[in-house]
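1. sequence? don't have it. structure:
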């Protein structure tokens, strides 16, 4: 999970208020990917919302307390899809009001909103996730898709019994897919999952087989080079093309630390122009690839802080 600090929230509020005043909430042009074919009866929701196709750029929104600011940021920068954090049992959560406002504004701006959630403990109890997070989120009728961010490598079990964790992770995805029915499911994965064995294949490919799309976290501030975003995401793009699954490439904007390893993983501290220069290189490298779905920016807080 990704947490925000009080100082980060203060910074994003100032930036987003400025965006609202200068830019308003007008929708930016976006290139949409083909929508997923229906697998069955969809959950109850407005037809235009449920069938909204994936967009060329997405953005994680972990803090949904400023719906108007988030939509203003998205529309001003060509973001067409939001991964909006949804708490467990959202139907009785105070956060539901913010989510309703966010989705309402997103609808008006032509943005797609997917339910975002995840925790390292989800792999151990997928039945709880289905009953307390997935089904309540879909019951709201607010979301086009489901976006999960489970990070099992952040637990001691990953080192002690990786094969068991991998098996549990894939079983959890199987359970989510059944519970979601026709609602598309996406998952976040790090770029190095292509090096983790699973079921005679690799972990990234097994995850793709159980999802409609993945976002590969190839966090680098440089697109080119052997350690750049393009090289790190190449295997996932190829696998996605072969499996018929769309792959989005994630990019980081938050402050991760001041050491060289942390600095190279984020656009924090750079200008928007510098960031866009690198993003265009990534997009150009995979333009026309059957596996490439576009980019995803992590996250609204950090992205709003990057300006010229």
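-> Everything's here; your move. This structure is a prediction, so every number in the text was calculated from the model and none was measured.
2. What is the burial count for the nearest residue to residue 123 once chain neighbours are set aside?
-> Leaving aside its chain neighbours, residue 123 sits nearest to residue 168 (4.3 Å; criterion: C-beta to C-beta, 6 or more residues apart in numbering). Where C-beta positions appear, they are placed from N, C-alpha and C, glycine not excepted. Per other C-beta atoms under 10 Å, the neighbour tally for residue 168 reads 19.
3. Next one: residue 168 from residue 150, what distance?
-> 10 Å (C-beta to C-beta, to the nearest Å).
4. Now the common contact residues for those two.
-> Common neighbours of residue 168 and residue 150 (criterion: C-beta atoms under 8 Å, 6 or more residues apart in numbering): residue 123.
5. Tell me the buried residues in stretch 51-67?
-> 52, 54-64, 66-67 (16 or more other C-beta atoms under 10 Å).
6. Which one of those is nearest to residue 184?
-> Residue 184 lies nearest to residue 54 out of the buried residues of stretch 51-67, by C-beta to C-beta, at 8.1 Å.
7. The closest one contacts residue 112, doesn't it?
-> Yes - if you go by C-beta atoms under 8 Å, residue 54 and residue 112 touch, sitting 6.8 Å apart.
8. any residues in contact with both of those two?
-> With C-beta under 8 Å, 6+ apart as the test, residue 54 and residue 112 both reach residue 81.
9. C-terminal to the helix or strand residue 234 falls within, what's the next element?
-> Element membership of residue 234 [criterion: DSSP states H and E] is helix 229-243. For helix 229-243, the following helix or strand on the C-terminal side (DSSP H and E) is strand 246-252.
10. and that following strand, which strands flank it?
-> strand 213-217 (parallel), strand 292-298 (parallel) (DSSP bridges).
11. and of these, who's closest to residue 186?
-> Short answer: strand 213-217, nearest of those by C-beta to C-beta, at 4.4 Å.
12. Residue 284: neighbouring residues, count only.
-> Counted with other C-beta under 10 Å, residue 284 comes out at 11.
13. Return the backbone torsion pair for it.
-> phi -60, psi -40 (degrees, to the nearest 10).
14. and what of residue 191?
-> Dihedral angles (degrees, to the nearest 10) for residue 191: phi -60, psi -20.
15. so how far is residue 227 from it?
-> 11 Å.
16. So between the two, which is more surrounded?
-> Neighbour tally, residue 191 and residue 227, criterion other C-beta under 10 Å: the higher count belongs to residue 191, 21 against 10.
17. which residues does the more buried one contact?
-> Contacts of residue 191 by C-beta under 8 Å, 6+ apart are 216-218, 232-233, 235-236.
18. returning to that earlier point: could you dump the strands paired with strand 246-252 into TSV with mean neighbour count, distance to residue 246 and mean pLDDT added?
-> Shown next, in TSV, are the strands paired with strand 246-252 (neighbours: other C-beta atoms under 10 Å; distance: least, C-beta to C-beta, whole Å; pLDDT from 0 to 100):
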stretch	mean neighbour count	distance to residue 246	mean pLDDT
strand 213-217	25	4	98
strand 292-298	24	4	98
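19. Reformat those into a markdown table and put distance to residue 203 next to each item.
-> Formatted as a markdown table, the strands paired with strand 246-252 follow (distance: least, C-beta to C-beta, whole Å):
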| stretch | distance to residue 203 |
| --- | --- |
| strand 213-217 | 11 |
| strand 292-298 | 19 |
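20. looking at those strands, which is closest to residue 253?
-> strand 292-298 (6.2 Å).
21. Next SSE downstream of the closest one?
-> Taking DSSP H and E, what comes next after strand 292-298 is helix 300-305.
22. Assumed residue 84 was part of a strand.
-> Yes - per DSSP: H, G, I helix; E, B strand; the rest coil, residue 84 lies within a strand segment.
23. For it, the count of nearby residues, please.
-> Residue 84: 28 neighbours (other C-beta under 10 Å).
24. The one 3 residues further on too?
-> Residues contacting residue 87 under the criterion other C-beta under 10 Å number 17.
25. Skipping its backbone neighbours, what lies nearest it in space?
-> That would be residue 93: by C-beta to C-beta, 6+ apart, it lies 4.8 Å from residue 87.
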